[in-house]
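Trainee: Predicted model, plus sequence, below.
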Amino acid sequence: MVHDSSHIEDSPAETAKKPSRNPYAVVYSKPGALRFSIAGALARSPMSMVGIGIILMVSAYAESWGLGKEAYTLAGKISAVYVIAHALYAPQLARLVDNYGQARIMRPAIVVAALSLTSLVVCTITGQPTWTLYVFAVLTGATVGSLGAMVRARWSHIISDPRELHTAFSLEAAIDEMIFVIGPIAATLLATSITPYAGLIVPVVLMVVGGFWFLAQKTTEPPPVVKESGHASQKVLRNPALLSLIAVFVCVGAIFGASDVATLAFAEEQGTKATAGLILGLFALGSCVSGLFYGARQWASPLWVRFVIGNVALAVLSSLFFVATNLWMLGATMFVAGLAISPTLINGNNLVQLVVPPRQLTEGLTWLSTALGVGVALGSSLVGKRIDEHGAHEGFLVVVVAALCSVAITLLAMKFLKAQTATHSAERITTIDLNPSA
């Protein structure tokens with residue numbers, strides 16, 4: 001069982017027994033932990049590359065089909081179909097994973113996803129009818145799943161100490177952030193410097209190699225739970241706290257997506273497009289620094305309070321992108337804003353541990369991962385139109401709007417988060433007290 005570490009204090013005996021060790025070394029010393037964490041990072045790397053990879057490939061080939069300015073419109077629609085399919089079906093796959101096990105469900109799903117994405121590439125290269133592109137985009141999105149949620153489910157399975165789980169989730173948040181920042185840049189470089197479809201071939205390889213390596217590790221795989229009725233399994237989306245977290249993560253994702261595109265456009269207008277990668281790298285660096293620091297410490301304040309503070313800080317700091325007048329100022333602001341990213345993501349995922357039943361953990365975590373991806377796609381699409389009409393700097397206005405929405409939803413959700421985390425923490429602490437082996 002897992003719970004918020006802020007509600008439990010170590011006894012003197014427990015404190016005396018605790019060795020003074022690097023907390024990250026402690027969690028990675030768990031049998032199989034390092035292997036499944038690395039494999040999971042490889043397997044979920046495509047999540048930040050496929051959407052933009054589709055746009056880059058389809059737009060490049062569609063221009064040769066004589067579509068002109070409509071090339072990007074078609075590319076955007078196909079990418080959006082992929083994102084929507086993923087948003088709709090990843091939680092359904094996660095529910096099956098909870099009921100039947102990760103390997104049993106995801107092995108065939110990964111095969112279908114890899115074949116579908118490869119088929120999308122082939123159909124684009126050979127100039128097949130556009131409806132085939134939509135079909136394979138849907139199939140890819142519907143079967144790719146959310147490996148990040150499954151990695152966290154494994155951590156929850158092998159770790160019972162909430163302090164260690166906090167550290168493990170901090171590591172995964174730092175990995176996620178690097179994937180979301182580096183992935184789009186890597187896809188762009190592959191598509192522009194090698195061939196338009198290279199930005200999708202690499203994700204296929206990572207998906208298959210990382211996915212099957214991850215699923216082959218049976219000793220750390222959580223056991224399936226008893227299958228629930230369809231009515232009972234829907235209850236996860238009737239949870240106001242989880243719905244609030246999903247809405248917040250969509251807004252946070254929109255901040256990321258809008259920032260990526262606006263930064264690329266802003267750097268291009270400044271005549272130094274290559275600098276955009278460095279600027280976005282500072283965003284990721286700030287997140288990684290704070291994530292590692294945050295995960296190495298234990299915090300006394302309630303988890304929901306830290307989530308609210310982190311989300312407000314991220315929103316306020318990212319809104320400052322709009323007032324940056326040059327790339328140096330933007331880079332400095334991005335680094336500082338990045339410091340609020342990982343703690344916000346860590347706290348959000350930790351809150352899921354408290355507001356959903358353990359039997360629905362993978363599904364709950366998947367909803368957050370999906371919400372973040374939907375937000376990235378939404379922010380990217382909205383900022384593109386703004387930039388086309390008003391220039392690159394105005395693209396940061398989308399970041400400001402997403403930030404304001406994030407704060408508003410967070411403040412409205414405070415009562416749900418406070419009530420449910422307090423209730424579930426108390427219940428789970430009681431369970432641990434009655435059953436030390438839980």
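Mentor: Ah, there it is.
Trainee: C-alpha only now, for contacts and for neighbours.
Mentor: OK.
Trainee: and residue 145, helix, strand or coil?
Mentor: When states are read from DSSP: H, G, I helix; E, B strand; the rest coil, the local structure at residue 145 comes out as coil.
Trainee: That one and residue 86: what is the separation?
Mentor: As defined by C-alpha to C-alpha, to the nearest Å, residue 145 lies at a distance of 7 Å from residue 86.
Trainee: By mean pLDDT, which helix or strand of this protein comes out lowest?
Mentor: Least confident helix or strand, the chain: helix 12-17 with a mean of 44, by mean pLDDT, DSSP states H and E.
Trainee: Name the surrounding residues that touch the helix or strand just after that one.
Mentor: Scanning forward in sequence from helix 12-17, with DSSP states H and E defining helices and strands, the next element found is helix 23-28. Identification of contacts with helix 23-28 by C-alpha atoms under 8 Å, 6 or more residues apart in numbering yields 33-34, 164-165, 167-168, 171, 296.
Trainee: quick one: which of the residues you listed sit in helices?
Mentor: When helices are assigned by DSSP state H, the members of these inside them are 33-34, 164-165, 167-168, 171.
Trainee: Please list only the buried members of the residues you listed.
Mentor: The neighbour-count criterion (16 or more other C-alpha atoms under 10 Å) marks 33, 164-165, 167-168, 171 among those as buried.
Trainee: How is the protein divided into domains?
Mentor: 22-223, 230-438 (automatic domain parsing).
Trainee: among these, which gets the worst mean confidence?
Mentor: Mean pLDDT per stretch puts domain 230-438 lowest among the domains of the chain, at a mean of 78.
Trainee: And it, how far out from the chain middle?
Mentor: Relative to the mean C-alpha coordinate of its chain, domain 230-438 is positioned 9 Å out (C-alpha atoms, centre = their mean, to the nearest Å).
Trainee: export the buried ones among the ones in helices among the contacts of helix 23-28 to TSV and tack on distance to residue 221?
Mentor: Compiled in TSV, these are given as follows (distance: C-alpha to C-alpha, whole Å):
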residue	distance to residue 221
33	11
164	18
165	16
167	19
168	16
171	19
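Trainee: Nearest to residue 215 among those?
Mentor: The shortest distance between residue 215 and any of these, using C-alpha to C-alpha, involves residue 33 and amounts to 13.1 Å.
Trainee: Okay, and the closest residue to residue 148 other than its chain neighbours sits in which element?
Mentor: Closest residue to residue 148 apart from its sequence neighbours, by C-alpha to C-alpha, 6 or more residues apart in numbering: residue 44 at 6.3 Å. Using DSSP H and E, the secondary-structure element containing residue 44 is helix 33-44.
Trainee: and the helix or strand following that helix, which residues are buried?
Mentor: Heading C-terminal from helix 33-44, the first helix or strand you meet, by DSSP H and E, is helix 50-64. By neighbour count on 16+ other C-alpha under 10 Å, the buried set for helix 50-64 is 50-62.
Trainee: Tell me who's in contact with the residue positioned nearest the centre of the chain.
Mentor: The structure's the chain has its C-alpha centroid closest to residue 369; by C-alpha atoms, centre = their mean the separation is 4.3 Å. With contact taken as C-alpha under 8 Å, 6+ apart, residue 369 is in contact with 146, 148-149.
Trainee: Mind putting those into JSON lines with distance to residue 292?
Mentor: Putting those into JSON lines (distance: C-alpha to C-alpha, whole Å) gives the following:
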{"residue": "146", "distance to residue 292": "23"}
{"residue": "148", "distance to residue 292": "18"}
{"residue": "149", "distance to residue 292": "19"}
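Trainee: For residue 120, state which of these is nearest.
Mentor: Checking these one by one against residue 120 (C-alpha to C-alpha), the nearest turns out to be residue 146, at 20.3 Å.
Trainee: quick one, phi/psi of that closest one?
Mentor: When quoted as degrees, to the nearest 10, the phi and psi of residue 146 stand at phi -130, psi 90.
Trainee: Next, count neighbours for it.
Mentor: Burial of residue 146 is recorded as 27 neighbouring residues (other C-alpha atoms under 10 Å).
Trainee: Is it in contact with residue 44, as I believe?
Mentor: Yes: counting by C-alpha atoms under 8 Å, a contact exists between residue 146 and residue 44, whose distance comes to 7.3 Å.
Trainee: quick one: common contacting residues for those two?
Mentor: By C-alpha under 8 Å, 6+ apart, no residue touches both residue 146 and residue 44.
Trainee: could you dump the buried residues of helix 50-64 to CSV with distance to residue 312?
Mentor: Formatted as CSV, these follow (distance: C-alpha to C-alpha, whole Å):
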residue, distance to residue 312
50, 30
51, 28
52, 28
53, 32
54, 33
55, 32
56, 34
57, 37
58, 37
59, 37
60, 39
61, 42
62, 42
